[in-house]
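**Q** Structure, please.
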Amino acid sequence: MGSMLQKKGLKAGEIPEVYNIEHPEMIVDIHKQYLQAGADFITANTFGCNPLKMQDSGYCYCDLLKAAVQNAKKARDEVNPDAYIVLDIGPIGQLLEPLGTLTFDEAYEMIASQVLMVKDDVDVVLLETMTDLYEVKTGILAVKENSDLPVFVTMTFEAHQRTLTGTDPLTFVNVVEGLKVDALGVNCSLGPIELLPIVKTLLKYASVPVIVQPNAGLPCLEHGQTCYPMNSVDFVEAMQEYAKLGVNIIGGCCGTTPEFIAGLKQHMPTYTQPRVVSPYTAVSSAQQTVIFDGHVVVCGERLNPTGKRN
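**A** Below you'll find the model as predicted:
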């Protein structure tokens, strides 16, 4: 959505969600292009539609949110009534306590309000581009406790295979599967080549469908603007490996356009390889997971609050 809006004239600093009201014909046209390219899911232009990010937009976030969903519905009804509309929820814009100042209850209410406003007009909720596992947990609970919609979650990992706040892929899987998400995966930050080792870990441990939406390669600056190096042919070729490994939901993030989706639709196999995930027992913190593999695990005292010599 962002790449397409930039092509249509969106300038740096402009708020994409404002286009839902001021330029609805542009949003509808973008959705139509993706549907005509063969997309089964279209994400509404709601990535930042929360009261915090929209406070300087000149509009109530609720009006922008409802307009976004109506634009998606119009495009869907005109091109492919069988396609699914996704309520796209990105990071709130502030970190939760203790890393930031936002409380759990404040974050919960923001996400719940978004879901309650449009839950009857969308088919799934996607929490995407997430970096904080605590915010992910908040979002999953807010969706599940205020709707019956399926919940998809994708986090953004860096090249060192951790999120910005330190979560690794195994911990991500263990925590969100415990919260009963319907699909999980990765999006943004990296391209399809760089994401491969991260996705292999997800596939090894995830029992739910896995989503992969990479950028069109690693971003670079040209003439002061962010550009992405991969064309649609190279992107589609790199994505073939994911289908072979058993990824179920495939798409694109920053730098990808309907041309990329058309290529995926044309060249991806109809069915992915079935996966066999071995059961495991594990416990997780926000950044680390311990798997109990049948061996005895010894827990020792880390602190000495009573001042014992031994």
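
**Q** Just the C-alphas of the helix or strand encompassing residue 32, formatted as PDB.
**A** Element membership for residue 32 (DSSP states H and E) is helix 24-36. Coordinates of each C-alpha in helix 24-36 appear next as PDB, following Å, rounded to 0.1, in the frame of the first residue of the first chain:
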ATOM      1  CA  PRO A  24     -10.800   7.200  -1.600                       C
ATOM      2  CA  GLU A  25     -10.700   6.600  -5.400                       C
ATOM      3  CA  MET A  26      -6.900   6.000  -5.100                       C
ATOM      4  CA  ILE A  27      -7.300   3.500  -2.300                       C
ATOM      5  CA  VAL A  28     -10.000   1.600  -4.100                       C
ATOM      6  CA  ASP A  29      -7.900   1.600  -7.300                       C
ATOM      7  CA  ILE A  30      -4.900   0.100  -5.400                       C
ATOM      8  CA  HIS A  31      -7.000  -2.600  -3.900                       C
ATOM      9  CA  LYS A  32      -8.400  -3.400  -7.300                       C
ATOM     10  CA  GLN A  33      -5.000  -3.700  -8.800                       C
ATOM     11  CA  TYR A  34      -4.000  -6.300  -6.100                       C
ATOM     12  CA  LEU A  35      -7.200  -8.200  -6.600                       C
ATOM     13  CA  GLN A  36      -6.700  -8.300 -10.400                       C
END
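
**Q** what does the average pLDDT come to for that helix?
**A** Helix 24-36 comes out with an average pLDDT of 98.

**Q** Same question for stretch 104-111.
**A** 97.

**Q** Now do the contacts for the most centrally placed residue in the chain.
**A** Nearest residue to the geometric centre of the chain (C-alpha atoms, centre = their mean): residue 128, 2.1 Å. Contacts for residue 128 (C-beta atoms under 8 Å, 6 or more residues apart in numbering) come out as 43, 47, 88, 89, 90, 152, 153, 154, 187, 188, 213. Any C-beta I mention is one placed from the backbone N, CA and C, and that applies to glycine too.

**Q** run the last query once more with 10 Å
**A** Applying C-beta atoms under 10 Å, 6 or more residues apart in numbering to residue 128 gives the contacts 43, 47, 86, 88-91, 152-156, 185-188, 211, 213, 253.

**Q** hang on, the earlier thing: just the buried residues of the helix holding residue 32, please?
**A** 24, 26, 27, 28, 30, 31, 32, 33, 34, 35 (16 or more other C-beta atoms under 10 Å).

**Q** C-terminal to it, what's the next element?
**A** strand 41-43.

**Q** elements contacting that next one?
**A** Applying 3 or more C-beta pairs under 10 Å, 6 or more residues apart in numbering; DSSP states H and E, we find strand 41-43 packed against helix 24-36, helix 61-79, strand 84-89, strand 124-130.

**Q** who does that strand pair up with?
**A** Using DSSP bridges, the strands paired with strand 41-43 are strand 84-89 (parallel).

**Q** starting at the chain centroid, how far to whichever helix or strand comes after the strand it pairs with?
**A** Helices and strands here follow DSSP H and E; after strand 84-89, the next one along the chain is helix 104-118. Mean-position distance between helix 104-118 and its chain equals 17 Å (C-alpha atoms, centre = their mean, to the nearest Å).

**Q** tell me the angle helix 104-118 makes with strand 84-89.
**A** 150 degrees (axes from the mean of the first three to the mean of the last three C-alpha atoms, to 10 degrees).

**Q** could we number from 9 for the rest of this?
**A** All set: I'll call the first residue 9, so the last point we hit is now helix 112-126.

**Q** Specify the beta-bridge partners of residue 161.
**A** residue 135, residue 192.

**Q** circling back: tell me the helices and strands packed up against the helix holding residue 40.
**A** Using 3+ C-beta pairs under 10 Å, 6+ apart as the test, helix 32-44 ends up in contact with helix 10-15, helix 27-30, strand 49-51, helix 69-87, helix 266-275.

**Q** go with 6 Å
**A** When contacts are defined as 3 or more C-beta pairs under 6 Å, 6 or more residues apart in numbering; DSSP states H and E, helix 32-44 sits against helix 27-30, helix 69-87, helix 266-275.
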